[in-house]
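When you get a sec, could you give me coordinates for this:
(chains A, B, C and D, ligands or ions: 6)
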Amino acid sequence: MKKLLNDPGDLVAESLRGLDRAHPELRVDHENRILYRADAPVAGKVGLLSGGGSGHEPAHGGFIGPGMLDAVCAGEVFTSPVPDQMAEATKNIDGGVGVLHLVWNYTGDVMNFDMAAELAAAETDTRVEAVVMNDDVAVEDSLFTAGRRGTGAAIAVEKIVGAAAEQGRNLTELADLARRVNENSRSMGMALTSCTVPAKGSPTFDLPDDEIEIGIGIHGEPGRRRVPLAPAHDIAQMLVDPVLADRDFTGGDGVLVFVNGMGATPMLELYLMYGEIAALLDKAGVVPARTLVGPYVTSLDMAGCSVSITKLDDEMIRLWDAPVATAGLRWGM
Amino acid sequence: MKKLLNDPGDLVAESLRGLDRAHPELRVDHENRILYRADAPVAGKVGLLSGGGSGHEPAHGGFIGPGMLDAVCAGEVFTSPVPDQMAEATKNIDGGVGVLHLVWNYTGDVMNFDMAAELAAAETDTRVEAVVMNDDVAVEDSLFTAGRRGTGAAIAVEKIVGAAAEQGRNLTELADLARRVNENSRSMGMALTSCTVPAKGSPTFDLPDDEIEIGIGIHGEPGRRRVPLAPAHDIAQMLVDPVLADRDFTGGDGVLVFVNGMGATPMLELYLMYGEIAALLDKAGVVPARTLVGPYVTSLDMAGCSVSITKLDDEMIRLWDAPVATAGLRWGM
Amino acid sequence: MAGVDVETLQRWLRGFAASVAEQRDALTALDAAIGDADHGANMHRGMTAVTEAVTATPPADPTALLKQTATVLIRSVGGASGPLYGTLFLRMASATGGETVLEPATFAKALRAGLEGVISRGKAELGDKTMVDALAPALDALDASLAEGGSLATALHAASEAADAGRDATTPMIARKGRASYLGDRSAGHQDPGATSAALLVAAAAAAVSGDG
Amino acid sequence: MAGVDVETLQRWLRGFAASVAEQRDALTALDAAIGDADHGANMHRGMTAVTEAVTATPPADPTALLKQTATVLIRSVGGASGPLYGTLFLRMASATGGETVLEPATFAKALRAGLEGVISRGKAELGDKTMVDALAPALDALDASLAEGGSLATALHAASEAADAGRDATTPMIARKGRASYLGDRSAGHQDPGATSAALLVAAAAAAVSGDG
Ligand SMILES: Nc1ncnc2c1ncn2[C@@H]1O[C@H](COP(=O)(O)OP(=O)(O)O)[C@@H](O)[C@H]1O
Ligand SMILES: Nc1ncnc2c1ncn2[C@@H]1O[C@H](COP(=O)(O)OP(=O)(O)O)[C@@H](O)[C@H]1O
Ligand SMILES: [Mg+2]
Ligand SMILES: [Mg+2]
Ligand SMILES: [Mg+2]
Ligand SMILES: [Mg+2]
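Ligands and ions are numbered 1, 2, ... in the order given. Here you go, the predicted model:
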């Protein structure tokens, strides 16, 4: 394993120290591993909390700031944070009008956020709502399974709801909006190579040089199937087809297309993939109204990409375009 | 070789097509492989032109926009663009007060930009000045060599000079400023793994699992020495020491510290490296006034990092902080 | 030995911590195949923290010890296993009501309450390829052996055998809960990591009560 | 054959294009060791474009052909080799003044002008481990052989041998120009890619003039 670190056990703590120094506009509670907007709590604004395992940078800490999240709890690499973190963060970002938990749908994250909400309810009178984000069409969804993973749609949810929170909307409205953006989003990912979890020290899965995994998750979970290495054009098809098969994205005010790099994919390739994906969307009558291309929800050093599509309406477009100032997404301010 | 592409020969052209669609705020001349600010030429403003081989994304196209570059010429992967491209771009970004070429110091880039300036001089009456950026302390600098490579300092030069150009400063002032920022900058890089040039299809250099290269360039050029894999703390020292040995960075208004990812390095690791580097700077009495951490000048899928330090003065800090709206760097607008 | 006192419980937890430490890489390898390669690290982090806490402030009675264990696990593990194992011990603590020595039947009831906590927290059913597939048969065997008049040591040995069998039975299953469920059919053919750590937990209990833990 | 006409020059360029195509991976491998792994791709892209251009619009005379070659190389190659090889042909064109058949001495003088162009563009000296280390001895051998009364074919064969020797001599050198110079001492022990392609260029000239190209 070749990585820029000292002891794998100290990776998250040491990385947070560097991030803290690099971003004076954030406040970092190192003991609890919570990252805050420096001016949290913002009085009269609903506090937005997310978080999850580390290893997805710039998610989650890169999306804290005006127009997006108020705080994020960081877990160990690929391990959900613990209830105490979320309970503490909830307390500290409550500007008097409640806190919305934006939870990525993983068993661990959901349980830990649930327990945090229980703790918060027992200890404070902060109103807490939680919305679970689950957009990954690679995963079979049923009452009897853990359901779909939360992947790229979180960026759309956090950005759009973040802008709405900044406008002063109330907790119920924001939770409804979060659910609406989530329900309008679908994602699908693939890996050229596995990531290597530092504590393990070797790749999570072995992938021969001439094979790729389709339908992987962002924690190095293997995908739904393994296929021969293919040209970008065919890979784009393998990602776009299941997304479009799952939901109608035609018409209306167009879609947000988010082509995400898994961590070790050059932008040169990501832009090429975006070109292939956009051409397939053209053919299907789906209109990209907004685009985001880059490594935003990564899986350590995995090579590969995912595509997330969100059906937009007028309001969502305005909220997407609204000013945001985070380390990972910034415009208008 | 595992990459998201179709034919390696079409990689640059197809990637530019995707980038064009993803960034409506750019105008792309696909025949000449030139990327422009959509509103270029800006009347009364000195045009800023840079460019180089592809494979360094977001450099160079990601730094086009208000407050930074006006145009960029894209070469093949790791191959400087050709004079016709720069001559054409020069013509089209001249807002009537001249064009500044910001050239990364590589033999090919320098010769091709020189020939472009000769062409431009023969064909138009555009005033052209060129500043060569050469900040890499890994390289021996003498009258008899090609001198130091241009690496991370370009981001500081392009950002600071871009802001000054937006304020309406004239060509000579901007060229002087560019030289000043460049002279105040030093960089040093390292690789955990080699990149793979698509047209070659295999890694440029072989690096055993327990060795790293110190002093690499951004084109997969091997470094000055090969050492055993070391903890991040020691690697930080191997990068910071030669930079500080080459120039005094103490005192004054502090420095810009830019920790750059080479393409396949997770942000989790880059932030940890920044923490190590900042601690070493503390010890040396060097004060980070501004910080930039991320993959900005990449080398395809190379894992590793570089550090660039720029001594700042009051004016340079103001210009660094000024609004910029590019795909790669954005704030204040 | 008539019942389970705080020393026995400590032996159990230390024994579990030791086998987790020993099996850490194996647990992670199982999780790499159908999950995210961290179950060994998670359980090891948690049980190291439990051992340290128990050493630093030794709890007075079984209830306090179980509660402390639950709290430390919930605070230090994260992921799916943290809340689940945490809930297991939390419910056990609630079921012991401050007694200093737990009767075998009380211990069994506490474990049953713990399992119910796991099920209500995680919504897994038998056959979903989770820790429940090791724990549920183990507690059934425990109850059956005690009902037949077996000693707690005998009953826990039966439980441990049943846990091992339950763990082995997860291999052909298709996961319907947790991260392995994302793989669909591809989850079949791999032993569940959580069922594997759960079997270690039951084995450690048997060893602790027999005095050889 | 008395001199070099446009057909001979075309044979030369096509022959060079063919050997670059054949040696493409070898040139890239040399460049990977001390550069950026693109010299084969660069030269191949350039010479493919030259061949296509010459086929599409066959130039009327040597000057036009050399000028077209220069322009196409400068427009299509980039990097260091594009301007350098481009300048070589551009200066050759200037030195041929519209003649339809170049006398051996004129051809030699044109090549010398080309080399001087390379040197003034790239500032490399003998021993800097560049294409100059193959070209300069080649042209010295060419002049010497012609001065001794040798035919152009004989003289170009001597030149080709000298180019090969010059290329081989780059191996122990420490690079002082181009990308290989970044490696410092580590550049020693590797043959220079540009000197290697330059030796192919001279060999192709010898073959073209001998009629076996
Ligand atoms: N809903 C659930 N109910 C019971 N056990 C579960 C559930 N989800 C996951 N598990 C157990 O947790 C184990 C994985 O734990 P771990 O790897 O530590 O957490 P994570 O999946 O968050 O990485 C699985 O092997 C399984 O036995
Ligand atoms: N200043 C120079 N003068 C003469 N030849 C040079 C000079 N710099 C580089 N070269 C030649 O160019 C070759 C490299 O060409 P190429 O790989 O195509 O360009 P780049 O170095 O831009 O990638 C070197 O091997 C060397 O022979
Ligand atoms: Mg996990
Ligand atoms: Mg090159
Ligand atoms: Mg796991
Ligand atoms: Mg080269």
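
Go through stretch C:172-192 and flag the buried ones.
For stretch C:172-192, the neighbour count (16 or more other CB atoms under 10 Å in any protein chain shown) marks C:173-184, C:186-188, C:190-192 as buried. Yep, even glycine has a C-beta here, placed from its N, CA and C like the rest.

meant to ask about stretch A:279-297, not that
Within stretch A:279-297, the residues scored as buried using 16+ other CB under 10 Å are A:279-281, A:286-297.

Please identify the buried residues of stretch C:26-42?
So stretch C:26-42, judged by 16+ other CB under 10 Å, has buried residues C:27-42.

So which of the residues you listed reach chain A?
Applying CB under 8 Å from any CB of the partner chain, the subset of the buried residues of stretch C:26-42 adjacent to chain A comprises C:28, C:32-38, C:41-42.

Just give the strands next to the helix or strand hosting A:Val227 in its sheet, each with its orientation.
According to DSSP states H and E, A:Val227 maps onto strand A:225-228. Counting by DSSP bridges, the strands paired with strand A:225-228 are strand A:211-214 (antiparallel).

Could you export the strand holding A:Val227 as CSV, CA atoms only?
What follows is strand A:225-228 as a C-alpha-only set of coordinates in CSV (Å, rounded to 0.1, in the frame of the first residue of the first chain):
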residue,chain,number,x,y,z
ARG,A,225,-21.6,-7.5,-12.1
ARG,A,226,-18.2,-7.7,-13.6
VAL,A,227,-17.7,-7.2,-17.3
PRO,A,228,-14.8,-7.0,-19.7
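
what's the distance between it and the middle of its chain?
25 Å (CA atoms, centre = their mean, to the nearest Å).

And it, what's buried?
For strand A:225-228, a neighbour-count test (16+ other CB under 10 Å) marks A:Arg226 as buried.

Tell me the helix or strand right after it.
Counting by DSSP H and E, the element after strand A:225-228 in chain order, helix or strand, is helix A:232-246.

Quick one: mean pLDDT for that following helix?
Average pLDDT, helix A:232-246: 98.

do that helix and chain B meet at all?
Yes - residues of helix A:232-246 are located near chain B by CB under 8 Å from any CB, namely A:232-233, A:235.

And that helix, what does it pack against?
strand A:185-191, strand A:211-214, helix A:267-284, strand A:304-311 (3 or more CB pairs under 8 Å, 6 or more residues apart in numbering or on different chains; DSSP states H and E).

possible to save these as CSV with distance to ligand 3 and mean pLDDT?
Shown next, in CSV, are the helices and strands packed on helix A:232-246 (distance: least, CB to the ion, whole Å; pLDDT from 0 to 100):
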stretch, distance to ligand 3, mean pLDDT
strand A:185-191, 17, 98
strand A:211-214, 18, 98
helix A:267-284, 26, 98
strand A:304-311, 19, 98
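
Which of those sits closest to ligand 6?
Closest to ligand 6 of these, according to CB to the ion: helix A:267-284, at 17.9 Å.

Please tell me how far the residue of chain C positioned farthest from its centre sits from chain D.
Note on chain C: the largest C-alpha distance from the chain mean falls to C:Asp185, namely 26.6 Å (CA atoms, centre = their mean). Using CB to the nearest CB, to the nearest Å, one gets 43 Å for the distance from C:Asp185 to chain D.

same question, A:Asp20
Distance from A:Asp20 to chain D, by CB to the nearest CB: 35 Å.

on that earlier part again, now, the ones next to chain A among the buried residues of stretch C:26-42 that are in helices?
Of these, the ones assigned to helices by DSSP state H are C:28, C:32-34, C:41-42.

Was I right to think A:Ala191 contacts A:Ser306?
No - judged on CB atoms under 8 Å, A:Ala191 makes no contact with A:Ser306 at a distance of 9.4 Å.

Which residues of chain A lie near ligand 3?
Within chain A, the residues that sit near ligand 3 (CB under 5 Å from the ion) are A:78-79.

so which helix or strand takes in the residue most central in space within chain A?
With distances taken as CA atoms, centre = their mean, the residue of chain A nearest its centroid is A:Ala154 (4.1 Å). In this structure, A:Ala154 is located in helix A:153-166 according to DSSP H and E.

Identify the residue nearest residue 102 in space, chain neighbours excluded?
I went with chain A, as the question did not name one. Using CB to CB, 6 or more residues apart in numbering or on different chains and skipping the chain neighbours, the partner closest in space to A:Leu102 is A:Ser50 (4.3 Å).

hmm, I had chain C in mind actually
C:Val4 (4.3 Å).

Helix, strand, or coil at the closest residue to chain B within the stretch 1-150 of chain A?
Residue nearest to chain B within the stretch 1-150 of chain A (CB to the nearest CB): A:Gly18, separated by 3.0 Å. State at A:Gly18, reduced to three classes by DSSP: H, G, I helix; E, B strand; the rest coil: helix.

and C:Val64, how many neighbours?
Let me fix one detail, which is that residue C:64 is Ala and not Val. The number of residues packed near C:Ala64 is 16, by other CB atoms under 10 Å in any protein chain shown.

Tell me who's in contact with A:Ser187.
Listed by CB atoms under 8 Å, 6 or more residues apart in numbering or on different chains, the contact set of A:Ser187 reads A:135-137, A:151-153, A:243, A:306-309.

Most neighbours among those residues, which one?
Highest neighbour count within these, by other CB under 10 Å: A:Thr151, with 33 neighbours.

on that earlier part again, which of the buried residues of stretch A:279-297 are the two that sit furthest away from each other?
A:Val287 and A:Pro295 (25.1 Å; CB to CB).

circling back to that earlier point, export the ones in helices among the ones next to chain A among the buried residues of stretch C:26-42 as TSV, with columns for distance to chain B and pLDDT.
Below are these laid out as TSV (distance: CB to the nearest CB, whole Å; pLDDT from 0 to 100):
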residue	distance to chain B	pLDDT
C:Thr28	19	97
C:Ala32	18	95
C:Ala33	22	95
C:Ile34	23	95
C:Ala41	16	96
C:Asn42	18	97
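
Please tabulate these in TSV, including the columns distance to A:Leu26.
Below are those laid out as TSV (distance: CB to CB, whole Å):
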residue	distance to A:Leu26
C:Thr28	32
C:Ala32	33
C:Ala33	37
C:Ile34	36
C:Ala41	27
C:Asn42	27
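
Need the pLDDT of C:Gly213.
48.

quick one: the strands in chain C?
For chain C, the strands defined by DSSP state E cover C:4-5, C:101-102.

hmm, who's touching the helix holding A:Ala154?
Contact with helix A:153-166 is made by A:45-46, A:48, A:50, A:59, A:63, A:66-69, A:100, A:102, A:104, A:131, A:133, A:135, A:173-174, A:177-178, A:181-182, A:185-187, A:256, A:258, A:292, A:296-297, A:308, A:310, A:316, A:319-320, A:322-324, A:329, as judged by CB under 8 Å, 6+ apart.
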